[in-house]
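[1] fold the stuff below for me.
(one chain, ligands or ions: 1)
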Amino acid sequence: MARLSLNEVSKRFDKKTVVTSLSLDIEQGEFVALLGPSGCGKSTILRMIAGFEPVSSGNITHGISCLSSEQVHTPTEHRQFGMVFQSYALWPHMTVEQNVGYPLKIQKISGKERSERIQKALDIVQLSEFKQRFPNQLSGGQRQRVALARSLITEPDIILFDEPLANLDRHLRDSMEITFREFHRRTGATMIYVTHDQSEAMALADKIAVLKDGQLVQWSTPDTLYHQPENEWVANFIGQGTTLRCTQVPQHQVLDSKTVMQCLCQSEHKDDDQEGRLLIRPQHVTLKEKITETSLFGTVSECVFRGERYDVYLALSGNRRLHAYSDTPINIGEQRAFEVSQAWSLERSHAS
Ligand SMILES: Nc1ncnc2c1ncn2[C@@H]1O[C@H](COP(=O)(O)OP(=O)(O)OP(=O)(O)O)[C@@H](O)[C@H]1O
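    Below you'll find the predicted structure:
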C-alpha cells in the first residue's frame, strides 16, 4: 500500500512564497480534496504532485520513492499518475475510443490488450456506445467522462483532478459528482481533487485539506470540518451558519442547548469584551412564535424561498444576525423567539 506524503513542501515563484511548509499524508485509495479560495495555491500543489513544478523545499514521497525534493525531480511521465483537467484536454480529431486509448499508444500497447482495456475504461464511465463519436458530438459531462476513462486507462495508483467540474452547470455537476463517487469505488485509486467549491469537496472527499494563502488551515474529514471547524475563517468558508460574538467560552467544544442559551443571554447587551465565538448552524435553530419573558428573540430581516425550505435571517441585539430555517414564510419585521439546540465554540481566528 503506497502512501503519498508531502513533507514540509514549500513553493516560491521568484521571491514570493505561494505554498508554505505543507505536510499531508494521503493513504492509498483515499479521495482527498484540496479546497480553498482562488489563489490559495491548490493548483500549484497539484502541479508539484504531478511533477509539472519542482518543489522549492521539502519533499514528496510515494511509498518508498522520493518523487520531488530540492535534489530530486522525477519527471511527470515517470510518475504514472492519471490526470483530469477542467478543460477536458481531449483531441478534437480523435474519436472517443482513440482519445481514451492514446496513453496506451504512447506505451506501445496494441491489439487485443489495447481494445480490452479501452472497453473496460469506457464501461466504467458508461460510454461504450459513444466510442466512435468525436468530442464535438458529446455534451460537457460526456466529454469529462471520456477524460475520466483516459485517466484510468494506464491503471494509475493516483489520479489528479484540477477543478474538473468547473465548466459544467449545477445540474450536470450534481450528476457528475455521483459519477466521480462511482468511479472512485470501482477503481479504488487514490484521488486528489482540487476545487474551490466546498459543497463539491464535502460531497466527494474522504478527507479535505483546507488552504488559505498557501498554508494548511485544517486537514480533516468533511464531517469534522463542518461540525468542528478549526477557526472562524474555516467556519465561514464551510457550509452555512452564523458566527456570533459571545462571552468567553471554552474553545473547541460542542456546547449543549442550555449552555448556548445562557451564553447568548449573558452576552445579549454587551458589545465589547466579547472574546468568545460561537458557530451556530441553521438546522440547530428552532423558531417559535410565542415570545415569553425569558425568551431570546430577534426580528426577521430576510426570508428567502429555497424550494424545500425558507432561509430566515433574524436581527438580534448588539448588531448580530442569526441564520435559521423555516418550513413556512415569515414576514419581514416579525419578531420570533428562538432556541438553539447546540453550537460549536470556535477559536477566534487571528487570520480572519
Ligand atoms: N508560474 C507562476 N509564476 C508566478 N506565480 C505563479 C505561478 N503559478 C501560480 N502563481 C501564483 O501562485 C499563487 C497560487 O496560484 P494557484 O494557481 O496555485 O492558486 P489556486 O488556489 O489554484 O487558484 P485558482 O482557484 O484561481 O485556480 C497565485 O498567487 C498565483 O498568481
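
[2] tell me how many other residues crowd the closest residue to the ligand within the stretch 101-250 of the chain.
    For the stretch 101-250 of the chain, the residue closest to the ligand is His196, as judged by C-beta to the nearest ligand atom, at 4.9 Å. All C-beta atoms are positioned from the backbone trio N, CA, C, and that covers glycine. Close neighbours of His196, defined as other C-beta atoms under 10 Å, add up to 18.

[3] I'd say it and Leu34 touch.
    No: look at His196 against Leu34 with C-beta atoms under 8 Å: they stay out of range, at 9.7 Å.

[4] what residues do these two have in common as contacts?
    In the contact map built from C-beta atoms under 8 Å, 6 or more residues apart in numbering, the residues linked to both His196 and Leu34 are Lys42.

[5] where does pLDDT dip in this structure?
    Along the chain, the parts satisfying pLDDT under 70 run over 1, 267-274, 348-352.

[6] in it, which spans are helices?
    Listed in chain order, the helices of the chain (DSSP state H) span 42-50, 76-79, 96-106, 111-124, 140-152, 170-187, 198-204, 222-227, 232-237, 257-266.

[7] buried set for the shortest one?
    Using 16 or more other C-beta atoms under 10 Å as the test for burial, helix 76-79 gives Arg79.

[8] centre of the chain to that helix, how far?
    26 Å (C-alpha atoms, centre = their mean, to the nearest Å).

[9] cool, and the third one?
    The chain centroid and the centroid of helix 96-106 are separated by 30 Å under C-alpha atoms, centre = their mean.

[10] need the contact partners of that helix.
    Residues from elsewhere that reach helix 96-106 (C-beta under 8 Å, 6+ apart): 90-91, 94, 110, 114, 117-118, 121-122, 127, 130-135, 138, 146, 149-150, 153-154.

[11] angle of it against helix 140-152?
    20 degrees (axes from the mean of the first three to the mean of the last three C-alpha atoms, to 10 degrees).

[12] strands of the stretch 251-352 of the chain, residue ranges please.
    Along the stretch 251-352 of the chain, the segments classed as strands by DSSP state E, counting those that start in this stretch run 254-256, 276-280, 285-288, 296-305, 310-316, 320-326, 335-340, 342-346.

[13] anything in stretch 217-226 near the ligand?
    No: using C-beta under 6 Å from any ligand atom, stretch 217-226 stays clear of the ligand, coming no nearer than 13.0 Å.

[14] kindly export that stretch (C-alpha atoms) in PDB.
    What follows is stretch 217-226, C-alpha atoms only, in PDB (Å, rounded to 0.1, in the frame of the first residue of the first chain):
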ATOM      1  CA  VAL A 217      -5.700  25.600   7.800                       C
ATOM      2  CA  GLN A 218      -7.400  22.300   8.500                       C
ATOM      3  CA  TRP A 219      -7.000  18.700   7.400                       C
ATOM      4  CA  SER A 220      -9.900  16.500   8.400                       C
ATOM      5  CA  THR A 221     -13.000  14.600   7.300                       C
ATOM      6  CA  PRO A 222     -15.900  16.600   5.800                       C
ATOM      7  CA  ASP A 223     -17.900  15.800   8.900                       C
ATOM      8  CA  THR A 224     -15.300  17.200  11.300                       C
ATOM      9  CA  LEU A 225     -14.700  20.200   9.000                       C
ATOM     10  CA  TYR A 226     -18.400  21.000   9.100                       C
END
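
[15] the domain parsing of this structure - what is it?
    What the TED database lists as the domains of the chain is 4-232, 240-346.

[16] among those domains, show me which one is buried the most.
    When you average the neighbours per residue for each of these (mean count of other C-beta atoms under 10 Å), domain 4-232 leads with a mean of 18.

[17] now do the same end-to-end measure for stretch 223-233.
    Terminal residues of stretch 223-233 are spaced 17 Å apart (C-alpha to C-alpha, to the nearest Å).

[18] from here on, count from 8
    Let's use 8 as the start, then, which means that last one is stretch 230-240.

[19] a markdown table for the strands of the stretch 258-359 of the chain, including distance to the ligand?
    What follows is the strands of the stretch 258-359 of the chain, written out as a markdown table (distance: least, C-beta to the nearest ligand atom, whole Å):
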| stretch | distance to the ligand |
| --- | --- |
| strand 261-263 | 31 |
| strand 283-287 | 25 |
| strand 292-295 | 32 |
| strand 303-312 | 28 |
| strand 317-323 | 27 |
| strand 327-333 | 26 |
| strand 342-347 | 34 |
| strand 349-353 | 24 |
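
[20] between those strands, which gets nearest to Leu223?
    Closest to Leu223 of these is strand 349-353 (C-beta to C-beta; 17.9 Å).

[21] other SSEs contacting that closest one?
    For strand 349-353, the elements it packs on are helix 239-244, strand 261-263, helix 264-273, strand 283-287, judged by 3 or more C-beta pairs under 8 Å, 6 or more residues apart in numbering; DSSP states H and E.

[22] tabulate these (JSON lines), appending distance to Ile56.
    Listed next are the helices and strands packed on strand 349-353 as JSON lines, based on distance: least, C-beta to C-beta, whole Å:
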{"stretch": "helix 239-244", "distance to Ile56": "23"}
{"stretch": "strand 261-263", "distance to Ile56": "35"}
{"stretch": "helix 264-273", "distance to Ile56": "42"}
{"stretch": "strand 283-287", "distance to Ile56": "32"}
